[in-house]
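Asks: Predicted model follows, preceded by the sequence.
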Amino acid sequence: MKKTIALLLALTLVFGLTACGAKEEAAPAAADGNAKTFTVGFDAEFPPYGYMDDNGEYVGFDLELAQEVCNRRGWTLKKQPIDWDAKDMELSSGSIDCIWNGFTINGREDQYTWSVPYVDNSQVFVVAADAGIATKADLAGKIVGVQKDSSALAALQDEENQENLDLAASFADLIQYADYNTGFMDLESGAIDALAIDIGVAAYQISSRGDAYVMLDENLSSEQYGIGFLKGNEELKNQVEETLMEMVEDGTFMEIAEKYSDFGLVDSVCLGK
């Protein structure tokens, strides 16, 4: 009898361990069904889309949209600041999952897999209010600044736009900056006479400087912003876009945009209206 009981206990222990082992192997697969770190590449000096606030936190319209997407999908958001002119290398190497930071579709349609456009944007010139510059023609003989690999630079170098090529040729010099904060510092110091820049960023920068700077009424160009994914990554694009459109439908997209109404985002967004 004792041998029978001992045998039954041994068999119970063996089956129990086997069952626990099976559960331990299956648990991770079940646990990480939605587990994902979504890494967004962005220019940390491109307000109001992505920038560092006074508390040292990365914030902005695009980053808030990305955070809401992650909240809804059960993902973890990683905000990855990048050098803008290295964005393609970051994306192709897998260091980031997408470029989401006031990223212009126009002229890049075939280089990335794009989300739907969500902002209608313009490129403008910012000058000192007392500079005596009122039109684009007044920029002839002036020193103009622009960010490297930016939409404003692309507009000035667009071989299909002779007007912009002639305008750029009229400048005394066109200086390229790694970021717009540095460009504004040179504008303030008088090292340059004007800055070609996205209208949303221009509005943000001007609002923080009182009435010392103005935008010219004549735009340099118009464009649309989208989320850029590695060419062919339709699966991730579809997941993010599906959730973004849910946010549009339930009003969350516009709620986030309204936080940045001082920078013209409510007028610029092309979703949720």
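Replies: That came through fine.
Asks: only C-alpha atoms for contact and neighbour calcs from this point on.
Replies: Will do.
Asks: where do the helices sit along the stretch 1-150 of the chain?
Replies: 2-31, 61-73, 87-93 (DSSP state H, counting those that start in this stretch).
Asks: These: lowest mean pLDDT?
Replies: If you rank the helices of the stretch 1-150 of the chain by mean pLDDT, helix 2-31 sits at the bottom with a mean of 37.
Asks: My impression was that Glu188 belongs to a helix - is that right?
Replies: Yes - counting by DSSP: H, G, I helix; E, B strand; the rest coil, Glu188 falls inside a helix.
Asks: what's the neighbour count on it?
Replies: The local packing count at Glu188 equals 17, with neighbours defined by other CA atoms under 10 Å.
Asks: Enumerate the beta-bridge partners assigned to the closest residue in space to it that isn't next to it in sequence.
Replies: Nearest in space to Glu188, with sequence neighbours left out and distances taken as CA to CA, 6 or more residues apart in numbering, is Ala128 at 7.9 Å. Taking DSSP bridges, one obtains Tyr213 as the residues bridged to Ala128.
Asks: count of neighbours near Ala128?
Replies: Burial measure for Ala128: 19 neighbouring residues, criterion other CA under 10 Å.
Asks: Let me know whether it touches Arg209 as I believe.
Replies: No - counting by CA atoms under 8 Å, Arg209 is not a contact partner of Ala128; they are 10.6 Å apart.
Asks: Which pLDDT value goes with Asp262?
Replies: In the prediction, the pLDDT value recorded for Asp262 is 81.
Asks: so where is this protein shaky, pLDDT-wise?
Replies: The model of the chain has pLDDT under 70 over residues 1-34.
Asks: In it, what residue spans correspond to strands?
Replies: Ranges of strands in the chain, per DSSP state E, are 37-42, 45-46, 50-52, 58-59, 76-81, 98-104, 113-114, 119-128, 143-147, 173-177, 194-198, 213-215, 221-229.
Asks: Most tightly packed of the ones you listed?
Replies: Among the strands of the chain, judged by mean count of other CA atoms under 10 Å, the one packed with the most neighbours on average is strand 194-198 (a mean of 27).
Asks: Cys70 versus Gly232, what's the distance?
Replies: 21 Å (CA to CA, to the nearest Å).
Asks: out of these two, which sits in the busier spot?
Replies: In this comparison of Gly232 against Cys70, neighbours counted by other CA under 10 Å, the higher total goes to Cys70 at 19 against 12.
Asks: need the contact list for the more buried one.
Replies: Shown in contact with Cys70 (CA atoms under 8 Å, 6 or more residues apart in numbering): 38, 76-77.
Asks: residue nearest the centroid of the chain?
Replies: For the chain, the residue nearest the mean C-alpha position is Asn101 (1.2 Å; CA atoms, centre = their mean).
Asks: my read: that one touches Tyr51, true?
Replies: No - taking CA under 8 Å as the definition, Asn101 is not a contact partner of Tyr51, at 9.7 Å.
Asks: which neighbours do these two share?
Replies: What both Asn101 and Tyr51 touch, as defined by CA under 8 Å, 6+ apart, is the set Asp43.
Asks: got the contact list for stretch 71-90?
Replies: For stretch 71-90, contacts defined as CA under 8 Å, 6+ apart pick out 34-44, 58, 63, 66-67, 70, 96, 99, 148-149, 178, 243.
Asks: Start and end of it, how far apart?
Replies: First-to-last distance for stretch 71-90 - CA to CA - comes to 24 Å.
Asks: That stretch: how far from the chain's middle?
Replies: Here stretch 71-90 shows a centroid-to-chain-centroid distance of 8 Å under the convention CA atoms, centre = their mean, to the nearest Å.
Asks: what comes up buried for it?
Replies: Neighbour counts over stretch 71-90 (16 or more other CA atoms under 10 Å) mark 75-84, 87-88, 90 as buried.
Asks: Can you tell me which of those is nearest Met215?
Replies: Proximity of the buried residues of stretch 71-90 to Met215, judged by CA to CA, is greatest for Trp84, which lies at 23.8 Å.
Asks: Good, we can wrap up now.
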